Structure formats: structure tokens, C-alpha cells
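Asks: Curious how this folds, go ahead:
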Amino acid sequence: MTPFRIKIAGAGACLLLALSACSEQPQKGPPTEQEIHAGDSGVASGVPGRHLYRCDDDQTLIVDYKDQGLTVVFRRDARAVPAVLTAPMQGLQYVGEAESATFAGNQIKIEAPGKRPVLCTKENAS
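Replies: Residues are numbered from 1 along each chain as shown. The predicted structure is shown next:
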């Protein structure tokens, strides 16, 4: 190779490295409660992502966190028809067919049209 071609090849390599550095993904913050709960279990059976909540209406709520916490499935008992709610990204409200839910730490607030809001707290919260 001639000295001119070596310089062009070196400049091209530097440009490639500089451009690849620009396309890096931004650093992600710490995981949200929902992301954490999607990978752990709060029940004796060890079902991944499953946690029990006690609600202010004196009922138990079974919550399955799925899709890295972007989907939650609510059931009042193991045989009940599930309600599936999704969020477009972490930290936003979950929306389902007939209800919505917001999370704050270890609490879930469930709202549905024409009904009073229900507040549920995670059992065995640590």
C-alpha cells in the first residue's frame, strides 16, 4: 500500500469508530418495581412474576408481571377470568379493557368507570 492509501484507510477507520460511538444507546436507569417483580416471585409455588396483594376491599389480588413488567394480569383468585392491562413503557399507567392501574412503590391503584378506586398493597413487601 502506498502512504496515501494507508492515510485514507486510517482516516476511514477513525470515522467508523467515531460514528459507532454516536449510535450507542443511552444508559438505562435502575430497574422499576414492575421490572423487578417480572423476574422474581412472591408466592410459595415460585411462579415467576406472580405476587399477591391485599386490597382495601378485603380481597386478595393475584398479579402476574409479564413482558419485563409492561403487562400485568390481575385475578381475584386462581380460577377467575384474568384482566390483562398493558403500559407502553415503564412508569406509565396500565390500561385494560375495563380498568386502569397505576403503581407507586408496593401499591397498585385500580380504577374502573362507575366504581370506586381500589388500593392494593403487596403482601410480604420488603
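
Asks: Can you point out the buried residues in the helix or strand hosting residue 110?
Replies: For residue 110, the element it lies in under DSSP states H and E is strand 107-111. Within strand 107-111, the residues that count as buried by 16 or more other C-beta atoms under 10 Å are 108, 110. From N, CA and C alone the C-beta is placed, and that goes for glycine too.

Asks: helices or strands up against it?
Replies: Secondary-structure packing of strand 107-111 (3 or more C-beta pairs under 8 Å, 6 or more residues apart in numbering; DSSP states H and E): strand 60-66, strand 100-104, strand 118-122.

Asks: now with 10 Å?
Replies: strand 50-55, strand 60-66, strand 71-75, strand 100-104, strand 118-122 (3 or more C-beta pairs under 10 Å, 6 or more residues apart in numbering; DSSP states H and E).

Asks: quick one: the residue lying closest to residue 64 once chain neighbours are set aside from residue 88, how far?
Replies: Leaving aside its chain neighbours, residue 64 sits nearest to residue 73 (4.2 Å; criterion: C-beta to C-beta, 6 or more residues apart in numbering). With distances taken as C-beta to C-beta, to the nearest Å, residue 73 is found 17 Å from residue 88.
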